[in-house]
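>>> kindly return the folded structure for what I paste below:
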Amino acid sequence: MSLFEQEEENNRTAAQPLARRMRPRSLDEFVGQQHFLGPGKLLRRLLDADRLSSLIFFGPPGTGKTTLAHLLAQESAATYTQLNAVTSGVKDLRELLISAQNRLAAGSGRTLLFIDEIHRFNKAQQDVLLPDVEDGTVILVGATTQNPFFALTNALVSRSQLFQFEALTPDEIKDLLRRAAADRERGLGATAITLHDDALDYLAEVCDGDARRALSALEVAVLSSQEQSVELTRELAAESVQRKAIQYDVTGDEHYDAASALIKSVRGSDADAGIYWLARMLEGGEDVRFLARRLVILASEDIGNADPHALPLAIATMQACEFVGLPECQLSLAQAVTYLALAPKSNASTTAIAEAKQDLRDGRVLPVPVHLKDRHYSGAERLGHGEGYHYSHNAEGGIAAQDYLGVDREYYRPVGRGFEKELMSRIERIRQRLRSKDESSHGSERALHQSNDAPETDR
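Below is the predicted model:
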């Protein structure tokens, strides 16, 4: 490299943001993702064995997906090429694949093809990759913030090793910040920087595990001070960090994960977590009808008769959302979430209907007992329908000792929480009464005739 070329390279490097300049130059400098990149872990073993094939990196931004792709090409002595799925089409993709084929045929080694935002490729574009991925012409590394099982085709996913990137821990973020502040070659070491612990703690928390965002905030804080000596206080750090845009796709992975977190938090009786996930979904633009429907379902599925007021409240919330709309209906949703979270929980009704349906699927289809069959039509009496039926209102306590199912089977088992605690003792008394063999027959014939005049629902 000539003197002028070196100077041009230095100028280009100086113009790069701090996050770009501080990219690790080797795997030893790479921070995070030790669950698959640490010693003995899968990606490290694939690299050591020179068996890299198709890889899909997915996870939040700023966790090192692009950087690691560069390092893998370097470690495997492969030629690095890159495409962005947003700006590239099939023509660009085919040209790169042909170049990779020619490079391999000429003995120049394999090509690592990095495709950023690979989920933006449609099915036809993804299918173009399959032949070269299968025969090893390219080492495909696709990066996405979306869940590949939702965003990519089954054919591509089945031919790839999936690696989920996790947000960097606060300690990892603080380590990167200290390294950038001290590095004189690539970082901000030319300026005397005093890093206050509370400022580091703040940046490590507010950046949500995004190294790029943390380093950008540090760079803004130092450069905007325009001093040879900078004290990075918590106040300066707070002024230098931008509010992070909420990553939320109302039709994608975030939608399903946040909904799952909301329901499980309310089911787990954590009102604070429920409110947070509700706010997350509202801020992300979630449909309030979807939220209301989920709360109505939860009221029956996870609370049921332990608190009979839960379902009416959830339905009222659904109606309020339709009547009031945003932003005010968020108050009704917050009320519902906190009430349902703190209500006693029972899934006894949910379990009961599931078990009854399973019995039917298993072939346990029971005939209607003769004494329960409809007898309002002409000829039913000749068939014996309704014979022996005891009219419950004429029995002691309004419960007649008779069989309503034909087999001894218990589906509904109330739990000992909330109102179901009372139902638990009540159902036990009722079951004993229904199974009683000593029921007096007094009034049975009169009840039979009265039942013929009873409303349809009582027959």
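>>> the strands in the stretch 1-150 of the chain, which residues?
Ranges of strands in the stretch 1-150 of the chain, per DSSP state E, counting those that start in this stretch, are 55-58, 79-84, 111-116, 138-144.
>>> for the ones you listed, which one sits closest to residue 272?
strand 55-58 (29.1 Å; CB to CB). All C-beta atoms are positioned from the backbone trio N, CA, C, and that covers glycine.
>>> check what pLDDT the residue nearest the centre of the chain gets.
Centroid-nearest residue in the chain: residue 257, 1.4 Å away (criterion: CA atoms, centre = their mean). According to the prediction, residue 257 has pLDDT 86.
>>> packing partners for the helix or strand containing it?
Secondary structure from DSSP states H and E places residue 257 in helix 253-267. With contacts defined as 3 or more CB pairs under 8 Å, 6 or more residues apart in numbering; DSSP states H and E, the packing partners of helix 253-267 are helix 148-151, helix 271-283, helix 288-298, helix 329-342.
>>> okay, the ones you listed in JSON lines with mean pLDDT, mean neighbour count and distance to residue 381 next?
Shown next, in JSON lines, are those (pLDDT from 0 to 100; neighbours: other CB atoms under 10 Å; distance: least, CB to CB, whole Å):
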{"stretch": "helix 148-151", "mean pLDDT": "85", "mean neighbour count": "17", "distance to residue 381": "61"}
{"stretch": "helix 271-283", "mean pLDDT": "91", "mean neighbour count": "18", "distance to residue 381": "57"}
{"stretch": "helix 288-298", "mean pLDDT": "94", "mean neighbour count": "19", "distance to residue 381": "44"}
{"stretch": "helix 329-342", "mean pLDDT": "94", "mean neighbour count": "20", "distance to residue 381": "50"}
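>>> contacts for stretch 404-419?
With CB atoms under 8 Å, 6 or more residues apart in numbering as the test, stretch 404-419 has contacts from 305-308, 343-346, 348-349, 351-353, 355-356, 359, 366-367, 369, 372, 420-421, 423-424, 427, 431, 434-435.
>>> may I have stretch 208-218 exported as CSV, CA atoms only?
Provided in CSV are the C-alpha atoms of stretch 208-218 (Å, rounded to 0.1, in the frame of the first residue of the first chain):
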residue,chain,number,x,y,z
ASP,A,208,-31.1,-2.7,26.0
GLY,A,209,-28.1,-4.9,25.1
ASP,A,210,-27.4,-3.0,21.9
ALA,A,211,-23.6,-2.4,21.6
ARG,A,212,-24.0,0.0,18.6
ARG,A,213,-26.4,2.2,20.6
ALA,A,214,-24.2,2.3,23.7
LEU,A,215,-21.1,3.2,21.7
SER,A,216,-22.9,5.8,19.7
ALA,A,217,-24.0,7.5,23.0
LEU,A,218,-20.5,7.5,24.3
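>>> now do that stretch, average pLDDT.
On average, stretch 208-218 scores 88.
>>> what sits up against it?
For stretch 208-218, with CB under 8 Å, 6+ apart as the criterion, the contacting residues are 17-19, 22, 31-32, 60-64, 166-169, 172-173, 176-177, 180-181, 188, 203-204, 207, 232, 237, 240-242, 244.
>>> narrow these to those that are buried.
Among the contacts of stretch 208-218, those classed as buried by 16 or more other CB atoms under 10 Å are 18-19, 22, 31-32, 61-64, 167-168, 172-173, 176-177, 180-181, 188, 203-204, 207, 232, 237, 240-241.
>>> so residue 193 lies in a helix, does it not?
No. Counting by DSSP: H, G, I helix; E, B strand; the rest coil, residue 193 is not found in a helix; it is strand.
>>> a markdown table please, covering the helices and strands packed on helix 253-267 and showing distance to residue 390.
Output for the helices and strands packed on helix 253-267, formatted as a markdown table (distance: least, CB to CB, whole Å):
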| stretch | distance to residue 390 |
| --- | --- |
| helix 148-151 | 57 |
| helix 271-283 | 47 |
| helix 288-298 | 37 |
| helix 329-342 | 40 |
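>>> out of these, which comes closest to residue 136?
Residue 136 lies closest to helix 148-151 among those, at 20.8 Å (CB to CB).
>>> ok, and what's touching that closest one?
56, 58, 119, 144, 157, 160, 162, 252, 253, 256.
>>> residue 159: neighbouring residues, count only.
Neighbours of residue 159 under the rule other CB atoms under 10 Å: 16.
>>> I meant residue 122, not that one.
Quick note: residue 122 (other CB under 10 Å) scores 12 neighbours.
>>> kindly report the same for residue 193.
22.
>>> that one reaches residue 228, doesn't it?
No. Shown here, residue 193 and residue 228 do not form a contact pair, counting by CB atoms under 8 Å, at 10.3 Å.
>>> nearest residue to residue 136 other than its sequence neighbours?
residue 53 (6.8 Å; CB to CB, 6 or more residues apart in numbering).
>>> contact partners for residue 63?
Taking CB under 8 Å, 6+ apart as the test, what residue 63 contacts is 32, 33, 165, 166, 167, 168, 209, 210, 211.
>>> walk me through the domains of the chain.
Domain assignment for the chain by automatic domain parsing gives 32-164, 170-240, 253-342, 364-458.
>>> distance to residue 26 added to the ones you listed, as CSV?
As requested, the domains of the chain are exported to CSV (distance: least, CB to CB, whole Å):
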stretch, distance to residue 26
domain 32-164, 7
domain 170-240, 14
domain 253-342, 32
domain 364-458, 57
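>>> pick out the shakiest of the ones you listed, pLDDT-wise.
Sorting these by mean pLDDT places domain 364-458 lowest, at a mean of 75.
>>> start and end of stretch 106-114, how far apart?
Between the opening and closing residues of stretch 106-114 lies a distance of 21 Å (CA to CA, to the nearest Å).
>>> what's next to that stretch, contact-wise?
Here stretch 106-114 has contacts from 52, 66, 69-70, 72-73, 76-83, 96-97, 99-100, 103-104, 136-143, using CB under 8 Å, 6+ apart.
>>> now list the buried members of these.
52, 66, 69-70, 72-73, 76, 78-83, 96-97, 100, 103-104, 137-143.
>>> and residue 205, what element?
helix 197-206.
>>> could you list the buried residues of the helix or strand that comes right after that helix?
As assigned by DSSP H and E, the chain's next helix or strand after helix 197-206 is helix 211-225. Within helix 211-225, the residues that qualify as buried by neighbour count (16+ other CB under 10 Å) are 211-222, 225.
>>> kindly report the same for stretch 126-138.
126, 129, 132, 133, 137, 138.
>>> distance from that stretch to the middle of the chain?
Averaged C-alpha coordinates place stretch 126-138 at 30 Å from its chain's average position (CA atoms, centre = their mean, to the nearest Å).
>>> and the residue nearest to residue 433 when sequence neighbours are not counted, how far from residue 413?
In this structure, residue 433 finds its nearest non-sequential neighbour in residue 399, 4.8 Å apart by CB to CB, 6+ apart. As judged by CB to CB, to the nearest Å, residue 399 and residue 413 stand 19 Å apart.
>>> out of those two, which sits in the busier spot?
Taking neighbours as other CB under 10 Å, residue 399 and residue 413 compare with residue 399 leading, 18 against 13.
>>> give me every residue that touches the more buried one.
Contacts of residue 399 (CB under 8 Å, 6+ apart): 392, 430, 433, 434.
>>> for the spatially closest residue to residue 140 that is not a sequence neighbour, what are its contacts?
Spatial nearest neighbour of residue 140, excluding adjacent residues (CB to CB, 6+ apart): residue 54 at 4.3 Å. With CB under 8 Å, 6+ apart as the criterion, the residues that contact residue 54 are 133, 139, 140, 142, 156, 159, 160, 161.
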